[in-house]
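Q: just a sequence and a predicted model for now, questions to come.
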Amino acid sequence: MVFRPIAACAAMSLCAWPLLAYAESSPLDAAVLRVSMLDPVVVTPTLASRTTEASLASVTVLDEKQLRERQPQDITEMLRGQPGVDITGNGAFGKATSVYLRGTGSSSTLLMVDGVRLRSATGGSPSWQFLPPTLIDRIEIVRGPRGSLYGADAVGGVVQVFTPGARDLSNEQTGWVELGAGSFNSRRVAAGAQGEQDGTRYNLAVDRFDTDGTEIREGSDDRGYDNTSAVARVTHRFDNDAEIGVFGFRAAGSTEFEGSSPSQKKVTDYAMQTAGVKGQLWVTERWLSKLILSDSRDENENFTDGNRDSIFNTRSRAANWQNVFALGDHQLVVGADYLQDLVDSTTLYLEDERDNSAGFAQLLLNFGAFDVQASGRYDDNEAYGSETTGGLALGYKLDNHHRLRASYGTAFRAPTFNDLYFPGFGNDQLDPESSASTELGVRGQYQRWYWDIAAYQTDVDDLIAYALQGGRYAPFNVNRARIRGVELATGVEINQWRAGAAFTAQDPEDRDTGLVLQRQSKRSFRFDLDRAMGNVSLGGSVVLQGHRYNDAQNDVRLSGFGLLDLRVGWNFARNWSTRLAVKNVLDKEYATAQNFAGWNYMNAGRSVMLSLRYDR
């Protein structure tokens, strides 16, 4: 389809204007405002609790209500089309997926699960496709560099996923069970329980999803997927408000995908998990100390026609110590990180272990209408040396409803084990990619609606690219990139209406060739609208994406597309509800990636999912 972003944005936005006009004509109780989606409290941008408006960052929050209403089968359904976010995938249901923030590569988007970094140390990217949406309560998307707080790979930004109980947990003894079934012989069974007794809080949840899947290559067989997941958390609070707890998350299963011919069957048995101990202590009334000791794993065992081909297992052990000091109206955050990456594989890497040590600090200053955030970090990695990153953000509150912000930050992407050490391919002389980003933004925050506009530019040096040099095809630091963009977002809550819209225009350019960076769409638009009518709720989502190029030479063009999802929910009895979600209502054929053999990875057509839920 031909995608005309400005016309599409204007047309879809007309749906929201009547709501916005009415929103300003009616007062809203402050207590309701505090818990609404419009200006939620976030922790990912600054490591300290701040409202979205006060964080001086471009942030999108997807809360539990949105996740339950939209019934995503894949977490990327929620991310697609959000401001500054682009998604590519090798087909539906558990197939390889990449998430790009602000035009940077998939390895430059950092995934955190409950404060723990999760990704493959060999491939460099997280396994987004295996995250179970039923066991996710909240997503915070922070766009822009966060290298000075999180270290490597936060060039485009950070996506933090929170599982049940990771944030506030009610004292209530509650439980829930959910059953679902739908197209492609898809089935889901999930259950959870939470509560508190004598200062000890617990949260347990499990989920099982399996499907026959769909074709990912025209004329081939359906490629199935199954996922069994669980989260567990137990925390005890002492009389002095000190806390200590243990937590764990695991997703495991298998996914089928294409081989070199339609008849060939390839299967990956996978597991991804995090586990750890978390504690916090008020050392004094103005000094809060937090410590997380964690272990995360990304494991893959690959088979062709039943025969094992390879194993790639990576493990990351980490310690993170944070100290938050209250200094009147100001805050100081000081901390240290230690990360150890380990590789266990049937491929014998030249090195299979590396350590990274880091120290960081951040000042959060408030001078009435004027805010300053300054941060710095030093990383020392035994594989590729040391990196220093920093950030500075300034905010000025024009009045009670409008705030200007400006920021500058640096970040870097670490070379992966494949880049450095893969036999016959790796280059152990690689330097990390480095970036510098500038952003200007303004936000309007009102009682029933908000809008946010941000313009940014990111310059990336020493891009790691695969090239032929000295008679050897290997990764080298050869490229530069410049990414410019504008993001617009708005949201409204009025009576029983809830709506949100986002538009992104960006120019991700390879400075050495003048071409568009591989697999990056330059335009996207998203519109979500939900309406509650007593015990019934209705909703829909529209996502429009522009074309992209599958290759760095811009020879293979993948067409833009538009998707429409519809949903209905019914609370038909006390504690009982049912939901029906129809995805890709117009049965659109589209692809966001192409195989090296020249065929497109097909995504799922129209699908239906019906669920039944009991909440105690």
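A: Here it is on my side, so go on.

Q: make it CA atoms for all contacts and neighbour counts henceforth
A: OK.

Q: helix, strand, or coil at residue 520?
A: Using DSSP: H, G, I helix; E, B strand; the rest coil, the structure places residue 520 in coil.

Q: and the nearest residue to it once chain neighbours are set aside, what does it touch?
A: Among residues not flanking residue 520 along the chain, residue 548 sits closest, at 5.5 Å (CA to CA, 6 or more residues apart in numbering). Residue 548 makes contact with 518, 519, 520, 521, 522, 557, 558, 559, 560, 592, according to CA atoms under 8 Å, 6 or more residues apart in numbering.

Q: before we move on, what about residue 466?
A: If you count contacts by CA under 8 Å, 6+ apart, then residue 466 has 473, 474, 475, 476 around it.

Q: what is the nearest of the residues you listed to residue 70?
A: Nearest to residue 70 out of the contacts of residue 466 is residue 475 (CA to CA; 40.8 Å).

Q: so how far is residue 436 from the spatially closest residue to the closest one that is not a sequence neighbour?
A: Computed as CA to CA, 6+ apart, the closest residue to residue 475 that is not its neighbour in sequence is residue 466, at 4.3 Å. Shown here: residue 466 relative to residue 436, a distance of 23 Å by CA to CA, to the nearest Å.

Q: can you check residue 393 too?
A: Distance, residue 393 to residue 436, using CA to CA: 14 Å.

Q: could you do residue 323 as well?
A: For residue 323, the distance to residue 436 (CA to CA) stands at 27 Å.

Q: now the strands for the stretch 1-150 of the chain?
A: Assigned by DSSP state E, counting those that start in this stretch, the strands in the stretch 1-150 of the chain fall at 41-42, 50-51, 58-62, 85-89, 97-101, 109-113, 116-117, 138-143.

Q: with mean pLDDT added, can I get the ones you listed in TSV?
A: As requested, those are arranged in TSV below (pLDDT from 0 to 100):
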stretch	mean pLDDT
strand 41-42	92
strand 50-51	92
strand 58-62	96
strand 85-89	96
strand 97-101	95
strand 109-113	96
strand 116-117	95
strand 138-143	96
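
Q: the ones you listed: which one's closest to residue 254?
A: The closest of these to residue 254 is strand 97-101. By CA to CA, the value is 15.1 Å.

Q: can you show me the helices along the protein?
A: For the chain, helices defined by DSSP state H occupy the ranges 5-13, 17-23, 30-34, 64-70, 76-79, 147-150, 417-421.

Q: confidence-wise, which helix or strand of this structure is lowest on average?
A: Lowest by mean pLDDT, DSSP states H and E among the helices and strands of the chain is helix 17-23, with a mean of 36.

Q: what about residue 305, neighbour count?
A: 12 (other CA atoms under 10 Å).

Q: which residues does the closest residue to it other than its chain neighbours contact?
A: Leaving aside its chain neighbours, residue 305 sits nearest to residue 265 (5.2 Å; criterion: CA to CA, 6+ apart). Contacts for residue 265 (CA under 8 Å, 6+ apart) come out as 256, 257, 258, 259, 304, 305.

Q: and the fifth one, how far from residue 290?
A: Spatial separation of residue 304 from residue 290 under the definition CA to CA is 46 Å.

Q: ok, the last one next?
A: Here residue 305 is placed at a distance of 49 Å from residue 290 (CA to CA).

Q: and for residue 488?
A: 35 Å.

Q: same question for residue 137.
A: Here the distance between residue 137 and residue 290 works out to 22 Å (CA to CA).

Q: please indicate which of the contacts of residue 265 are buried?
A: The neighbour count (16 or more other CA atoms under 10 Å) marks 256, 257, 258, 304 as buried among the contacts of residue 265.

Q: hmm, which of those residues is lowest in pLDDT?
A: Within the buried ones among the contacts of residue 265, the minimum per-residue pLDDT falls on residue 258 (87).

Q: who does that one bridge with?
A: Following DSSP bridges, residue 258 is listed with bridge partners residue 265.

Q: I'd say it and residue 264 touch.
A: Yes: Residue 258 is within contact range of residue 264, at 6.9 Å (criterion: CA atoms under 8 Å).

Q: show the buried residues in the contacts of residue 548.
A: Buried among those by 16+ other CA under 10 Å: 518, 519, 520, 521, 522, 558, 559, 560, 592.

Q: which stretches of the stretch 151-300 of the chain have low pLDDT?
A: Where the stretch 151-300 of the chain drops to pLDDT under 70, the residues are 167-171.

Q: which pLDDT value goes with the closest residue to residue 538 other than its chain neighbours?
A: Excluding the flanking residues, the one nearest residue 538 by CA to CA, 6+ apart is residue 568, at 4.5 Å. For residue 568, the model assigns a pLDDT of 97.

Q: could you do the one 3 residues further on as well?
A: Model confidence at residue 571, expressed as pLDDT, equals 96.

Q: grab the nearest non-local neighbour of residue 201.
A: residue 235 (5.1 Å).

Q: partners of that neighbour in the sheet?
A: Beta bridges link residue 235 to residue 201, residue 245 when assigned by DSSP bridges.

Q: show me the contacts for it.
A: Contacts for residue 235 (CA under 8 Å, 6+ apart) come out as 200, 201, 202, 243, 244, 245, 246.

Q: related to what we said a few turns ago, identify the contacts common to residue 393 and residue 436.
A: In terms of CA under 8 Å, 6+ apart, residue 393 and residue 436 are both contacted by the residues residue 408.
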